[in-house]
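Enquirer: please work out how this folds:
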Amino acid sequence: QVHLVESGGGSVQAGGSLTLSCAVPGYSPGSFCMGWFRQASGKEREGVATIDSYGSTTYPDSVKGRFTISKDNAKNTLYLQMNSLKPEDTANYYCAAGRPRWGACVYNYWGQGTQVTVSS
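Expert: Residues are numbered from 1 along each chain as shown. Prediction:
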């Protein structure tokens, strides 16, 4: 069983930065395709960053240039560096891991989430 444990959430003022971490005990993040997702109150979950086993990354336009996903395989940890935060970034953030299937990542494992609150 793969367990994902997020940390690093909190409250910050607009323009500030936070770094989220996602530990994957017993597994190297390089074994999976992985991603960060968020869900704001009353809204659907959306992806904010993905990274495949080769290290290729993708971002939606809403966070491109502000968020950076990375992984440290030696530390079994996935990161999300978030800069220039905006109030609309407020959400519960989740990391997820999965295996590539038919050209896409099928996420089978999810963390419990960590809250990020950005005040104006």
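Enquirer: can you name the element that comes right after the top strand by length along the chain?
Expert: Determined from DSSP state E, the single longest strand within the chain is strand 91-101. Note on strand 91-101: by DSSP states H and E, the next helix or strand toward the C-terminus is strand 104-110.
Enquirer: counting contacts, what elements does that following strand pack onto?
Expert: Helices and strands touching strand 104-110, by 3 or more C-beta pairs under 8 Å, 6 or more residues apart in numbering; DSSP states H and E, are strand 33-39, strand 91-101. Quick note: C-beta positions are derived from backbone N, CA and C, even for glycine.
Enquirer: which parts of the first one are buried?
Expert: What it means is strand 33-39. Going by neighbour count (16 or more other C-beta atoms under 10 Å), the buried part of strand 33-39 is 33, 34, 35, 36, 37, 38.
Enquirer: contacts only, for residue 40.
Expert: Applying C-beta atoms under 8 Å, 6 or more residues apart in numbering, we find residue 40 in contact with 88, 90, 91, 92.
Enquirer: typo on my end, residue 8
Expert: Contacts of residue 8 (C-beta under 8 Å, 6+ apart): 18, 19, 20, 21, 114.
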